[in-house]
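Enquirer: The amino acid sequence is not available; the structure is as follows:
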């Protein structure tokens, strides 16, 4: 039982490049989330998915797209990376009984 | 507007109980109190949650005042590995939905050897 996994762990992009952050969970959770964390700050929600095929914007969705490929996987895409998107990105899934969220180890992204 | 207020930092000696306070004076009747922690560079980790009764699990105890306007997270025998930022979060017991979890700045707990 791996929990929530994220790839890659680290990434450096140049301004304007694109990339997809991958997230998968093996806990059979319906809800999944993408957050970003800037230095010294709490996490902020980018996108949320209640179930396969559904997504909703969070607090800071601009510059991002998401795809809920199936129940296990929820990916985050940066179409044209900007230095302001330098951050640590966390994926989470949520248990529907106790509403606890389980987080992945994060992807550390630097955009130069 | 912040829903919770926590001290920015606290120290505790190893082996002693760490008591982390949280004020949530505007909590609604359908909102629970959740605690998470984030050890440096790692993803946040769920600790415990409660509505109005005191709760205990293998990690910690949660004491919620009778008026529900404040709570205290207790780590009974703190170890160096408990050094982390601790977040107190209030949210409805129907999941976060598109609101997710609202993380403030939390309390940086430092366990001293």
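Expert: Alright, I've got the coordinates. Model, not experiment: these values are computed from the prediction.
Enquirer: Against chain B, how distant is the closest residue to residue A:70 other than its chain neighbours?
Expert: Among residues not flanking residue A:70 along the chain, residue A:52 sits closest, at 5.7 Å (Cβ to Cβ, 6 or more residues apart in numbering or on different chains). Where you see a C-beta, it was placed from the backbone N, CA and C, and this is true even at glycine. Using Cβ to the nearest Cβ, to the nearest Å, residue A:52 is found at 16 Å from chain B.
Enquirer: Tell me, how many residues neighbour residue A:52?
Expert: Residues contacting residue A:52 under the criterion other Cβ atoms under 10 Å in any protein chain shown number 14.
Enquirer: From residue B:27, how far off is it?
Expert: Distance, residue A:52 to residue B:27, by Cβ to Cβ, to the nearest Å: 33 Å.
Enquirer: can you pull the contacts of the closest residue to residue A:95 other than its chain neighbours?
Expert: Using Cβ to Cβ, 6+ apart and skipping residues adjacent in sequence, the residue nearest residue A:95 is residue A:29, 6.1 Å away. Applying Cβ atoms under 8 Å, 6 or more residues apart in numbering or on different chains, we find residue A:29 in contact with A:71, A:93, A:94, A:95, A:96, A:102.
Enquirer: can you count the residues close to the fourth one?
Expert: By the criterion of other Cβ under 10 Å, residue A:95 has 16 neighbours.
Enquirer: Residue A:59: neighbour count?
Expert: 15.
Enquirer: With residue A:34 as the reference, measure out to the residue nearest to residue A:70.
Expert: Computed as Cβ to Cβ, the residue A:52 to residue A:34 distance reads 16 Å.
Enquirer: My guess is residue A:7 contacts residue A:105. True?
Expert: No: the pair residue A:7 / residue A:105 is not scored as a contact, 9.9 Å apart, by Cβ atoms under 8 Å.
Enquirer: Tell me which of the two has more neighbours.
Expert: Shown here are residue A:7 and residue A:105; by other Cβ under 10 Å, residue A:105 has more neighbours (17 against 13).
Enquirer: still on that earlier bit, looking at the contacts of residue A:29, which has the smallest pLDDT value?
Expert: pLDDT across the contacts of residue A:29 is lowest for residue A:96, at 80.
Enquirer: That one: what secondary structure?
Expert: Put simply, residue A:96 is coil when judged by DSSP: H, G, I helix; E, B strand; the rest coil.
Enquirer: same thing with the one 3 residues further on?
Expert: Classification of residue A:99 using three-state DSSP returns coil.
Enquirer: Is the residue most central in space within chain A bridged to anything, and to what?
Expert: Residue closest to the average C-alpha location in chain A (Cα atoms, centre = their mean): residue A:34, at 3.1 Å. Here residue A:34 sits in beta bridges with residue A:47, residue A:91, as judged by DSSP bridges.
Enquirer: Quick one: name the residues of chain A near chain B.
Expert: A:4, A:31, A:33, A:35, A:40-45, A:48, A:50, A:56-59, A:90, A:92, A:94, A:96, A:98-106 (Cβ under 8 Å from any Cβ of the partner chain).
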